[in-house]
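Q: Please work out how this folds:
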Amino acid sequence: MAGPSEVKTPRPRGRPPRLSSPLVIETAVKVVRENGLRNLSMRALAERLGATPMAFHHHVGDREALVGRVVEHIFEQLALPDDRLAPLDWLREVAMRVRGLGLEHRGVMDFLLEEGPAVHGALVVLDRTVTKLHEAGMPWREAGDLNTTFFSWLAGTIRRQEPWAARRKDAPLPLQRFHTAALALPAQDHPGVSQTLARMRTLDVEAEFQNSLDFMLEGIGRRLEQHRAGRPRGP
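A: Next up, the predicted model:
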């Protein structure tokens, strides 16, 4: 059976559209929404536009260049929250918006985890986050380190939840292998596993994300309080 990257889209009838960089990028973004960034190929794009893969090189370069421009275009659609929000409220809203973007464009978080914030839109998020934390009383260096930690967690969490969000309604619940392995352990000998399993079997994806986001923001809030109080921070 053909994989997602091998599924061919019917070639458009009639004369193919005149190629341009914006048209190629916008079409590539549509392919990413449907099949994920990992399945974006010159061949899939050619089938969609009724052109040959070589025809795109003049407009977008090779696939690596295309992927970078697609991720850039996606992040251009990310609107940052009102800068007047308090730091933790601002970070929560940014996290929610980035998560929505990532789940809609599967594979983009892989790009960010591998390449870092290597596109302009992601760099703007970095700049505003670090500046926001600094303005709230955090030293520049610590604000930069915290930004890296926060968005590494966020990208990894979104990446982990991508297949969960995309699964069919009748598909098995996530983490079935974990549940099976955990159930095989004697509860009296592994109480931590037993208690965690009971929690995770009733926790949905949205609730898990909100819980982990609360933990992250609570830690950031404590750091900010320490700086505002003039107390030395712990290691």
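
Q: residues in contact with the helix or strand where Gly221 lies?
A: Here Gly221 sits within helix 205-229, counting by DSSP states H and E. Residues outside helix 205-229 that contact it (CB atoms under 8 Å, 6 or more residues apart in numbering): 87-88, 91-92, 95, 99, 133, 136-139, 142, 146, 150, 153, 157, 161, 164-165, 174, 203, 232-233. Any C-beta I mention is one placed from the backbone N, CA and C, and that applies to glycine too.

Q: Now, of these, which are buried?
A: 87-88, 91-92, 95, 99, 133, 136-138, 146, 150, 157, 161, 174 (16 or more other CB atoms under 10 Å).

Q: Next, give me the two most distant ones among the residues you listed.
A: The largest separation in those, counting by CB to CB, is between Gly137 and Pro174 at 39.1 Å.

Q: how far away is Arg84 from Arg228?
A: Distance, Arg84 to Arg228, using CB to CB, to the nearest Å: 19 Å.

Q: Outside of the lowest-mean-pLDDT helix or strand in the chain itself, list whatever touches it.
A: Lowest on mean pLDDT, DSSP states H and E among the helices and strands of the chain sits helix 57-60, with a mean of 78. The contact list for helix 57-60, computed with CB under 8 Å, 6+ apart, reads 19-21, 24-25, 28, 66, 69.

Q: which residues of the protein fall in helices?
A: In the chain, the segments counted as helices under DSSP state H are 21-35, 42-49, 57-60, 63-76, 87-104, 108-115, 120-135, 140-166, 176-183, 191-200, 205-229.

Q: Where among the ones you listed is average confidence lowest?
A: For the helices of the chain, mean pLDDT drops lowest on helix 57-60, to a mean of 78.
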